[in-house]
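>>> need a structure here:
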Amino acid sequence: MMGSFDHINLELWIPWISILIGSLVREESNLVFGILKRIAEKYPQALYYELRAFLIEKTQISLNPVTSSSPSYYSSSPSPPPSSSSASSPSPPLSSTTSSSSSPPPPLSSSTNTNTNLFNNNITNQNPSIQFAQELMSIMRNKNKQIFEDMEYMVSTMVTSFKPTFEESALNLVSQILAKFYDFIPLGSGDGHMPASLQSKLKLVSLLPSQMKSFSSSSSDHHHMQQQQQQQQQQNNNTASSSNDLSSNQQYSSVIKAFLDEFTDAKIEKMSLEIAMHKLRRWRNVLQNVLTRHMTPNTPLFKFSPKLASFHTSSSNCRSFQPMEVPGQYLTSALSNQMISPQNHVHLIRFGANVKISIGEKVTKRITLMGSNGKSKFWKIDNNENRVRDERMSHLTRVLNSLLLNHPQSRRRNVGIKQPLSIPITNTICLTEDNMQFTSLQNIYDEYCHDVGMEPDIAVLAYHRQLTIIEKKKAKNELENNKVIEEKVRGYREMCAKTPDSILANYIHSTLNADAEALWCLKRSIATRIATTSLLEHSFMIRQRSPQNVSFHRKTGAIISGNFRPSYNSFGALVVGFEEVPFRLTRNLTTLLSPLLVDGVFACSMGVTALALDTHRDTKLLSYLSLILRDDLVAATMISNSTNNMKRKSDLEQRDIEKAQEPMINRNVNTVTDLLHTAAPRALMDQSGERVLREHRVDHIVHRLIEAAAQPERLCMMNPSLMPWF
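From the prediction side, this is the model:
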């Protein structure tokens, strides 16, 4: 069989690199290794990032099954290449005490002796994928050693420089916990006591220092020495500035101490639900204010990393036969059916001078890569423990786009799905392609709240209190069961009365300066793209469609759906009927599109998408779904085990999990295809093949879904954090 694979064009495997790497843990690993070996020899830069992230994850599983501390394999600091500058510079904008508590990079050592002596026979036998990955790394290193070391040095320095500080990690954790609290509606008499599930979430705050300390324990001595030299030089250069930094560090220490003292285990057990929500909101605002004072929207890159700021390559002084490329070009060329020519790829020249920082529910840092074509490309640094799942969903969108292009109706309407390009640099950190023209519904709502002088989550908190009061009345038999829905609808309508339904439309109109033709084209594009995304959310049971997960392009109307992941229950089955609303189609969206576009372009695009995918059900769709949903379910199981502090699975154990989940995978595939088949427009035929005249239109299922998504009786059942009134 391997001989037949050799005759397949190598470019056809490029879009499937991440799935091929994931298959190294399976029985077909020997065949997959042969394919990856050919890619490593011909296109090493196409394989490097994915393979590096995979190797880091597998070695952490082998050497430290439960904790997240890094093994000694990643403790050695990479030696800088000759062209990189090691000059010191001022320390990062946040305090050095908090910075040193963050995670160091897990660099892959460039020493072959370290690679060969690290893993003993026992570990290799349990995880043969590690041996395959190491051999592929050795092939790439031997093929072009200088490029390999340059890429490793760049990635390791990037992870070190942009690791989150304690304040950033605390803000992200508090925002996540607060969203869980908003979604929890207490049932019963309502004594105000916090349930055990939320207490366990809140106790993660007390574990944050130990996690940061474990990350810090594996940092390199070189990194700490460099920080000390930077601090000493800053003190020698400017005594006054040093004094200000010292007072700033003291303020940070007092804020951190007060934050941790607020959420000790003893205090958490005595907290009521309302008091806990109040404290979380207050500390979220405090952390945002602290970070805003010490972070500027455009921070010079040298304050984060002087090495990246001085990083520079060009074709004139490049030491390597093949220069370092801007990542992601192999995948882009393969998807556009272009011939892959590394000699024509854009080379990385240097990094942009500034880092763009935005502070919201979390801190987002954006860097710029300058290419040899004179263009700049923006990348967002994401900490994402669901990296593998997001990769599989990206594969899914690419497969579905290819099927939509092969159907005449969907191709004529330009129906498609957009997902940003993501490049893994570790097992949990990715570089995500960013475009400043994209904005989310949450950002638009936040701008509106800022203009009217209102906190963005006041409405969420008020709606949560309304639902809590209704549940208390129900528990005291003050409300009959048939009156509960009426009370929830009344509360929902009260929130609608306080929130205009024209916020999104006004934003779009102001962006386009009242150009009627451009406005119509943008609305039509948004209706087409969001219809396709909505159908997939319904078919793949993708829930929690909060406003921050829906982003659109201000000029083209392209839609990006964040956290695009299926929802599984404890048995691994897709959660059918988890929410009353099939997808997000709330008031501001329907007002923007108007009934003309909702009943016309939106419904038509949704039906065409279902029809195009259902047409390829038996030929291509079933095989693709079985492959991708299998990997997604296994990745979700592995993440769940890691979250519950269970032992991470070896290669053999992962194979056993896949075999045990095979019936559930087949069930999930059938669930998705059945929902697509049901939504596809079709004429009812009798046994003789003649059309049966009915009162229903051919796409009546699509219109039923639209009615369900916009029905107040269903919208009032959504979680408060999803903001169904917006």
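>>> Pull out the buried residues from stretch 444-460.
Under the neighbour-count criterion of 16 or more other C-beta atoms under 10 Å, stretch 444-460 has Ile444, Tyr445, Asp446, Tyr448, Cys449, Pro456, Asp457, Ala459, Val460 buried. C-beta here means a position set from N, CA and C on the backbone, and glycine is covered the same way.
>>> what residues does that stretch touch?
With C-beta atoms under 8 Å, 6 or more residues apart in numbering as the contact definition, stretch 444-460 has outside contacts at 178, 182, 281, 360, 442, 495, 498-499, 503-504, 507, 547, 720-721, 723, 725-726.
>>> measure it end to end?
Distance across stretch 444-460, first residue to last, is 16 Å (C-alpha to C-alpha, to the nearest Å).
>>> again, but for stretch 637-656
End-to-end distance for stretch 637-656, by C-alpha to C-alpha: 12 Å.
>>> Would you format the buried residues of stretch 444-460 as a markdown table with distance to Asn666, secondary structure and pLDDT included?
Output for the buried residues of stretch 444-460, formatted as a markdown table (distance: C-beta to C-beta, whole Å; DSSP: H, G, I helix; E, B strand; the rest coil; pLDDT from 0 to 100):
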| residue | distance to Asn666 | secondary structure | pLDDT |
| --- | --- | --- | --- |
| Ile444 | 41 | helix | 94 |
| Tyr445 | 41 | helix | 94 |
| Asp446 | 43 | helix | 92 |
| Tyr448 | 46 | helix | 94 |
| Cys449 | 47 | helix | 93 |
| Pro456 | 43 | coil | 87 |
| Asp457 | 42 | coil | 87 |
| Ala459 | 43 | helix | 91 |
| Val460 | 39 | helix | 90 |
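>>> Out of these, flag the one nearest to Thr397.
Ile444 (24.2 Å; C-beta to C-beta).
>>> how close does the closest one sit to Ile256?
Taken as C-beta to C-beta, to the nearest Å, the spacing of Ile444 relative to Ile256 amounts to 33 Å.
>>> So which residues of the stretch 151-300 of the chain form strands?
298-300 (DSSP state E, counting those that start in this stretch).
>>> Repeat that for the chain.
If DSSP state E is used as the criterion, the strands of the chain fall at 298-300, 348-351, 354-359, 363-371, 376-383, 422-424, 429-434, 438-440, 550-553, 559-561.
>>> Of those, which is nearest Ser129?
Closest to Ser129 of those, according to C-beta to C-beta: strand 422-424, at 16.1 Å.
>>> For the closest one, which strands pair with it and how are they oriented?
Sheet pairing for strand 422-424, assigned by DSSP bridges, gives strand 429-434 (antiparallel).
>>> Any chance you could list what contacts the partner strand?
Contacting residues not belonging to strand 429-434 are listed as 159, 327-328, 366, 377-384, 387, 390, 420-425 [C-beta under 8 Å, 6+ apart].
>>> Using PyMOL, define a selection of the buried residues within these.
Taking 16+ other C-beta under 10 Å as the burial criterion, the selection of buried members of those in PyMOL is written as:
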select buried, resi 159+327+328+366+377+379+380+381+382+383+384+387+390+420+421+422+423+424+425
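>>> Any regions of the stretch 451-600 of the chain where pLDDT drops low?
Scanning the stretch 451-600 of the chain for pLDDT under 70 picks out 514, 577-579.
>>> on that earlier part again, between the buried residues of stretch 444-460, which is closest to Phe602?
Ile444 (19.6 Å).
>>> And Val698, its phi and psi?
phi -70, psi -30 (degrees, to the nearest 10).
>>> Can you tell me how far it is from Arg682?
Val698 sits 6 Å away from Arg682 when distances are taken as C-beta to C-beta.
>>> which residue ranges form the helices in the stretch 251-400 of the chain?
Counting by DSSP state H, counting those that start in this stretch, the stretch 251-400 of the chain forms helices over residues 265-270, 273-294, 306-309, 329-335, 387-405, given from the N-terminal end onward.
>>> Looking at those helices, which is nearest to Phe54?
Taking C-beta to C-beta, helix 387-405 is the member of these nearest to Phe54, at 9.1 Å.
>>> Pull out the buried residues from the closest one.
Residues of helix 387-405 classed as buried: 387-401, 403-404 (neighbour count, 16+ other C-beta under 10 Å).
>>> That one packs against which elements?
Applying 3 or more C-beta pairs under 8 Å, 6 or more residues apart in numbering; DSSP states H and E, one finds that helix 387-405 makes contact with helix 17-22, helix 408-412, strand 422-424, helix 603-615, helix 622-643.
>>> Buried by neighbour count: which residues of the longest one qualify?
In this case it means helix 622-643. 622, 624-625, 627-638, 641-642.
>>> Could you check how far it is from the centre of its chain?
Computed by C-alpha atoms, centre = their mean, to the nearest Å, the separation of helix 622-643 from the middle of its chain amounts to 16 Å.
>>> quick one: least confident helix or strand in this protein?
For the chain, scoring each helix and strand by mean pLDDT, DSSP states H and E identifies helix 96-99 as the least confident one, at a mean of 36.
>>> From the contacts of stretch 444-460, list just the buried residues.
178, 182, 281, 442, 495, 499, 503-504, 507, 547, 720-721, 723, 725-726.
>>> Let me know the closest of those to Ser341.
Minimum separation from Ser341 among those (C-beta to C-beta) is found for Gln442, which lies at 40.9 Å.
>>> do you know how far that closest one is from Ser422?
According to C-beta to C-beta, Gln442 stands 21 Å off from Ser422.
>>> Please apply the same query to Ala603.
When Ala603 is compared with Ser422 (using C-beta to C-beta), they lie 32 Å apart.
>>> One more: Thr397?
When Thr397 is compared with Ser422 (using C-beta to C-beta), they lie 12 Å apart.
>>> How about the contacts made by Arg389?
The neighbourhood of Arg389, defined by C-beta under 8 Å, 6+ apart, consists of Arg565, Asp632, Ala635, Ala636, Ile639.
>>> Just put those residues in TSV and tack on distance to Lys201.
Output for those, formatted as TSV (distance: C-beta to C-beta, whole Å):
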residue	distance to Lys201
Arg565	20
Asp632	24
Ala635	22
Ala636	19
Ile639	16
